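Engineer: Sequence first, then the predicted structure, then my questions.
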Amino acid sequence: MDARIGLKSPRHFLDLDGIDARVLRRIADMAHEMKKAGKRVPKHLRPKDIEDMVLVMIFEKPSTRTRVSFDVAMRQLGGQTIGLNHTDTQLGRGEPIADTAKVLSRYADALMVRTNLHGTLIELADNATIPVINGLTDRSHPCQVIADILTFEESRGAIAGRTVAWVGDGNNVASSWMHAAVKFGFQLRVATPAQLKPDPEVVSWVKAESGGDAVVLTDDPAEAVKGAECVVTDTWVSMGQNDVARRKQLLGAYAVDQKLMGRAAKDAIFMHCLPAYRGHEVSADVIDGAQSVVFDEAENRLHAQKAILAWCLGVD
């Protein structure tokens, strides 16, 4: 048992597919409540003894929103943070991941990691006795999508039963959106080039969990967007990817512009997790236009992180 938070085992936040739908709904509801409360988190949402708790954050990849939102989130809850780049730790010199997890478990109360390989995250969680949180891996980005759920719901109401379109690369964020479609009960239409389809393991999981009804795959962005209440895209070239020219060629027809947004529902919103590259995956008039909620979405990372941390540290 982790006596510090009174739990028999740590509450990891690794991927949406591995967390019960009712728990995810509760985390999203806490995020709504956190946002309404502002900087002063209500007592019932603050983990017990939070003022004595420390969150360690490790970054293998550059970060703006994840780094700052987790840092501020932990401080607003009442705890403290330590931020480390990968080269600041012995991981950068080849220390076994398991050893790092065991050592940090003796010092801190939670660990957030933004890493290249999903396997690194899993090995840390397997060897830690404190909660481990996925701040992004090559497989998924679950914290982002909790913020996206919050953003959709504050703009359009409950997401259950609604239709969302993903257009572009079938990347890690797309995978977490697919997990969310099953867990939160909405339909996700995913339009990607054949060469950049979503992770086959995620597709198989969706089929097993929902019969495939929750996610519709297509190579036609117009078909995916038709009547959708939210259109989501992401950068064409993620950190660490070198095939820039190939990706731009493949994804050119998937740019979200006013013509494509015009096929969505009249009051559809546009999301992008940022950073965005105007004139590539999205036109400036869309991302800077009236339908865009990208800066609400960015702000909501803070409120989502507070809710995720609170749950990981024992709040129900």
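Structural biologist: Right, received. Where do you want to start?
Engineer: When you work out contacts or count neighbours from here on, use the C-alpha atoms and nothing else.
Structural biologist: Will do.
Engineer: where's Asp99 relative to Glu123, distance?
Structural biologist: Look at Asp99 and Glu123: by C-alpha to C-alpha, to the nearest Å, they are 10 Å apart.
Engineer: Ok, Val173 next?
Structural biologist: For Val173, the distance to Glu123 - C-alpha to C-alpha - is 21 Å.
Engineer: Comparing these two, which residue is more hemmed in?
Structural biologist: Legend: neighbour count by other C-alpha atoms under 10 Å for Val173 and Glu123, higher for Val173 (25 against 14).
Engineer: Which helix or strand contains the more buried one?
Structural biologist: helix 172-184 (DSSP states H and E).
Engineer: next helix or strand past that helix?
Structural biologist: Counting by DSSP H and E, what follows helix 172-184 is strand 187-191.
Engineer: on that earlier part again, residues making contact with the helix holding Val173?
Structural biologist: Contacts to helix 172-184, defined as C-alpha atoms under 8 Å, 6 or more residues apart in numbering, come from residues 15-17, 20-21, 24-25, 137-142, 144-145, 159-160, 166, 187-188, 198-199, 202, 206, 209-210, 214-215.
Engineer: Among those, which lie within helices?
Structural biologist: Taking DSSP state H, the ones among these that sit in helices are Ala21, Leu24, Arg25, Pro142, Gln144, Val145, Val202, Val206, Glu209, Ser210.
Engineer: Give the rounded mean pLDDT of the host helix or strand of Lys36.
Structural biologist: Assessed by DSSP H and E, Lys36 sits inside helix 21-37. Helix 21-37 comes out with an average pLDDT of 98.
Engineer: CA atoms only: put the very next helix or strand once past it into CSV for me.
Structural biologist: Heading C-terminal from helix 21-37, the first helix or strand you meet, by DSSP H and E, is strand 54-59. Extracted C-alpha coordinates of strand 54-59, given in CSV (Å, rounded to 0.1, in the frame of the first residue of the first chain):
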residue,chain,number,x,y,z
VAL,A,54,5.8,16.5,-4.9
LEU,A,55,5.2,15.9,-8.6
VAL,A,56,8.3,15.0,-10.7
MET,A,57,8.1,15.8,-14.4
ILE,A,58,10.5,14.2,-16.9
PHE,A,59,10.7,15.5,-20.5
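Engineer: Could you list the buried residues of strand 54-59?
Structural biologist: In terms of neighbour count (16 or more other C-alpha atoms under 10 Å), strand 54-59 has its buried residues at Val54, Leu55, Val56, Met57, Ile58, Phe59.
Engineer: do you know how far the residue lying closest to the first one once chain neighbours are set aside is from Lys61?
Structural biologist: The spatial neighbour of Val54 that comes closest, neighbours along the chain excluded (C-alpha to C-alpha, 6 or more residues apart in numbering), is Gln80 at 4.7 Å. Taken as C-alpha to C-alpha, the spacing of Gln80 relative to Lys61 amounts to 22 Å.
Engineer: now do His280
Structural biologist: Counting by C-alpha to C-alpha - His280 and Lys61 are separated by 22 Å.
Engineer: again, but for Ser175
Structural biologist: Distance from Ser175 to Lys61, by C-alpha to C-alpha: 19 Å.
Engineer: Leu45 now?
Structural biologist: Taken as C-alpha to C-alpha, the span from Leu45 to Lys61 is 30 Å.
Engineer: what residue is smack in the middle of this structure?
Structural biologist: Taking C-alpha atoms, centre = their mean as the criterion, Gln144 is the residue nearest the geometric centre of the chain, at 2.4 Å.
Engineer: Could I get the contacting residues of that one?
Structural biologist: Val173, Cys273, Arg301.
Engineer: what does the model give Leu7 for pLDDT?
Structural biologist: So Leu7 comes in at 48 (pLDDT).
Engineer: Ok, Ser238 next?
Structural biologist: Per the predicted model, pLDDT is 76 at Ser238.
Engineer: can you check Pro62 too?
Structural biologist: For Pro62, the model assigns a pLDDT of 87.
Engineer: do the same with Val103
Structural biologist: For Val103, the predicted pLDDT is 96.
Engineer: Kindly report the same for the one 10 residues further on.
Structural biologist: Val113 is assigned a predicted lDDT (pLDDT) of 97.
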